[in-house]
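Visitor: build the 3D model from these lines:
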Amino acid sequence: MTLAELLVRLGSFGLDLTWRVEFDEIVDPRCAEMERRSADAGMDTSTLLSLKPPSYS
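Guide: Down below sits the predicted model:
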């Protein structure tokens with residue numbers, strides 16, 4: 001399931017979530033930025049979507 005599919009299924013509930021992101025392999029510089037930004041308090045859905053690499057639909 002892609003991130004886009006998950007968010008569609010969550011509907012408006014997904015907009016209020018806080019995300020923590022971890023990658024097993026860093027394949028894009030944005031992945032490291034996502035991990036860094038979400039490490040403490042997490043990040044909101046709009047930040048997550050703005051940082052995700054295009055290949056991580």
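
Visitor: check which helix or strand the residue nearest in space to the middle of the chain maps to.
Guide: The residue lying closest to the centre of the chain (CA atoms, centre = their mean) is Leu48, at 3.7 Å. Using DSSP states H and E, Leu48 sits in helix 45-51.

Visitor: what comes up buried for that helix?
Guide: Thr45, Leu48, Leu51 (16 or more other CB atoms under 10 Å). Every C-beta, even on glycine, is put in place using the N, C-alpha and C of the backbone.

Visitor: output these as a markdown table; include the columns pLDDT.
Guide: Putting the buried residues of helix 45-51 into a markdown table (pLDDT from 0 to 100) gives the following:
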| residue | pLDDT |
| --- | --- |
| Thr45 | 89 |
| Leu48 | 86 |
| Leu51 | 83 |
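
Visitor: out of those, who's nearest Pro29?
Guide: Nearest to Pro29 among these is Leu51, at 10.2 Å by CB to CB.

Visitor: give me the neighbour count for the residue nearest to that closest one when sequence neighbours are not counted.
Guide: In space, and not counting its chain neighbours, Leu51 is closest to Met34: 4.9 Å by CB to CB, 6 or more residues apart in numbering. By other CB atoms under 10 Å, the residues close to Met34 number 25.
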